[in-house]
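Enquirer: the following comprises the amino acid sequence and a computationally predicted model.
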Amino acid sequence: MPKLALIGFGGVGQAFAEIVGERQEEIARRFGLDLTIVAVADPVKGSLFRDEGLEPAVLVAAAQGAALLAGYPEQPGLVRGLDSLTTIRESSADVILELSPTLADGQPAIEHCEAAFAHGLHVITSNKGPVVLRYRELFAKAQEAGVEFGIEGTVMSGTPSLDLGRAALAGNRILAVRGILNGTTNYILTRMEEGLEYEDALREAQGLGYAEADPAGDVEGFDALYKVVILAAHVLGEQVAPQDVAREGISQLTRAEVAAAAREGRHWKLIAQLERTEAGLRASVGPVLLPADDPLGSVRGATNAITYTCDLLGPVTLIGAGAGRRETAFALLHDLIRIGRSTTSVGRRPA
Ligand code: HSE
């Protein structure tokens with residue numbers, strides 16, 4: 001085991017199930033983790049629970065496009081129709097993958113995480129809402145329950161930006177963080193440099209699955225702002241309120257302006273920053289014109305990048321995928337493997 005319940009079965013959940021189907025055997029062999037999806041609950045697609053496990057490839061095929069999980073074939077022990085909270089409370093899963101569509105108030109994801117912790121279950125999520133709005137409380141509840149809360153997928157999809165800052169660089173003092181943290185805007189800016197109109201570039205980014213359900217969250221800088229808040233809390237140990245982050249999006253930039261800068265070897269980027277100052281931590285998100293020889297200046301498309309300025313090591317830059325269904329699904333797998341290595345409780349649901 002572990003036994004997994006996917007709460008929300010949209011693009012990321014389906015990509016995760018696909019990866020489990022492809023890698024189940026390899027992950028069992030290499031990491032000793034027998035990944036079994038026992039439940040899926042989605043407010044639109046419906047829900048399934050089977051203690052012996054659901055067949056990942058069949059699940060994905062059943063949920064493709066507008067199809068509903070009602071199309072999943074009958075099997076002995078299959079239970080249909082449990083809602084998300086009942087799935088969390090009563091299925092046999094010991095790890096909850098919280099991937100539900102989440103509103104601005106962070107619900108229903110916050111409620112799902114709390115219910116999981118109350119039942120002694122690990123939670124892994126790529127949902128920024130609950131992490132931004134309830135970081136301290138949710139980690140406290142996880143700790144109290146002796147379980148893990150995996151959030152790698154909330155920043156830079158599967159590129160391990162949080163793990164780098166929190167684990168690999170531990171022992172340094174991180175003086176500043178600077179990054180391209182939104183895939184959609186970087187994709188749009190890159191395509192505008194290539195001559196596309198803003199609206200067409202945005203449509204492409206939506207088609208590729210990078211943009212948020214409401215793309216204003218991307219282009220007005222809110223998505224990058226939320227990631228800055230998560231980085232501040234998780235890597236720097238500092239609570240920053242979203243309203244205290246200076247924010248500007250990219251919608252004021254014209255195609256002509258972006259293309260002219262590129263011809264001169266400079267690139268507009270939506271830069272998110274955290275900087276330790278005498279007055280405390282300063283956080284901002286806004287468009288910055290960078291030369292091509294800046295490590296972030298040449299980052300193109302939906303690729304993201306982050307530079308940690310460390311006191312012992314100097315600047316360390318990580319460049320990788322910033323968005324995408326499979327890329328984000330990988331973050332869930334990363335957290336599962338990390339949790340599997342750090343705990344013996346995965347696979348043993350408390351009585
Ligand atoms: N809409 C986000 C982006 C998805 O474009 O970066 C990943 O958080």
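Expert: Sure thing, it's come through.
Enquirer: and whichever residue of the stretch 251-351 of the chain sits closest to the ligand, what pLDDT?
Expert: Residue nearest to the ligand within the stretch 251-351 of the chain: residue 323 (3.8 Å; CB to the nearest ligand atom). C-beta coordinates here come from the backbone N, C-alpha and C atoms, glycine included. Listed pLDDT for residue 323 reads 89.
Enquirer: near the closest residue to it other than its chain neighbours, how many other residues are there?
Expert: Nearest non-adjacent residue to residue 323, counting by CB to CB, 6 or more residues apart in numbering: residue 183, 3.1 Å away. Residue 183 has 27 neighbours, counted by other CB atoms under 10 Å.
Enquirer: so who does residue 183 touch?
Expert: Counting by CB atoms under 8 Å, 6 or more residues apart in numbering, residue 183 touches 157, 205, 210, 301-304, 321-324.
Enquirer: show me the residues you listed that map onto helices.
Expert: residue 205 (DSSP state H).
Enquirer: can you list the residues of the stretch 151-300 of the chain near the ligand?
Expert: Within the stretch 151-300 of the chain, the residues that sit near the ligand (CB under 6 Å from any ligand atom) are 157, 182-184, 210-212, 218, 223.
Enquirer: which residue ranges form the helices in the stretch 51-200 of the chain?
Expert: 56-63, 84-90, 109-118, 128-145, 161-163, 183-193, 198-207 (DSSP state H, counting those that start in this stretch).
Enquirer: hey, which of these is tucked in deepest?
Expert: helix 183-193 (a mean of 26; mean count of other CB atoms under 10 Å).
Enquirer: got the CA coordinates for that one in PDB?
Expert: As requested, the backbone C-alpha atoms of helix 183-193 are provided in PDB (Å, rounded to 0.1, in the frame of the first residue of the first chain):
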ATOM      1  CA  GLY A 183       3.500  29.400 -16.400                       C
ATOM      2  CA  THR A 184       0.500  31.100 -18.200                       C
ATOM      3  CA  THR A 185       2.000  34.600 -18.100                       C
ATOM      4  CA  ASN A 186       5.400  33.500 -19.100                       C
ATOM      5  CA  TYR A 187       3.900  31.500 -22.000                       C
ATOM      6  CA  ILE A 188       1.800  34.600 -23.100                       C
ATOM      7  CA  LEU A 189       4.800  36.900 -22.900                       C
ATOM      8  CA  THR A 190       6.900  34.500 -24.900                       C
ATOM      9  CA  ARG A 191       4.300  34.100 -27.600                       C
ATOM     10  CA  MET A 192       3.800  37.900 -27.700                       C
ATOM     11  CA  GLU A 193       7.500  38.300 -28.400                       C
END
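Enquirer: thinking again about what came up before, in TSV, list the helices of the stretch 51-200 of the chain along with mean pLDDT.
Expert: Shown next, in TSV, are the helices of the stretch 51-200 of the chain (pLDDT from 0 to 100):
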stretch	mean pLDDT
helix 56-63	96
helix 84-90	98
helix 109-118	98
helix 128-145	97
helix 161-163	98
helix 183-193	97
helix 198-207	93
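Enquirer: make TSV from these and add distance to residue 41 to it.
Expert: Listed next are the helices of the stretch 51-200 of the chain as TSV, based on distance: least, CB to CB, whole Å:
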stretch	distance to residue 41
helix 56-63	12
helix 84-90	4
helix 109-118	9
helix 128-145	17
helix 161-163	26
helix 183-193	27
helix 198-207	26
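Enquirer: give me the neighbour count for residue 238.
Expert: Using other CB under 10 Å, residue 238 has 15 neighbouring residues.
Enquirer: OK, contacts around it?
Expert: Neighbours of residue 238 in contact, by CB under 8 Å, 6+ apart: 232, 281.
Enquirer: can I take it that it is in a strand?
Expert: No. Counting by DSSP: H, G, I helix; E, B strand; the rest coil, residue 238 is not found in a strand; it is coil.
Enquirer: quick one: it and residue 220, what's the gap?
Expert: 24 Å (CB to CB, to the nearest Å).
Enquirer: can you check residue 327 too?
Expert: Taking CB to CB as the measure, residue 327 falls 23 Å from residue 220.
Enquirer: which one of those two is surrounded by more residues?
Expert: A count of neighbours by other CB under 10 Å puts residue 327 above the other of residue 327 and residue 220, at 23 against 18.
Enquirer: how about that one, phi and psi?
Expert: phi -60, psi -40 (degrees, to the nearest 10).
Enquirer: which ones are touching it?
Expert: The contact partners of residue 327, by CB under 8 Å, 6+ apart, come to 157-159, 321.
Enquirer: over to residue 6: give its phi and psi.
Expert: In terms of degrees, to the nearest 10, the main-chain angles of residue 6 are phi -100, psi 110.
Enquirer: wait, it touches residue 39, no?
Expert: Yes. Between residue 6 and residue 39 there is a contact under CB atoms under 8 Å: 7.1 Å.
Enquirer: compare the two (neighbour count), which wins?
Expert: Under the neighbour definition other CB under 10 Å, residue 6 and residue 39 were set side by side, and residue 6 has more, 31 against 28.
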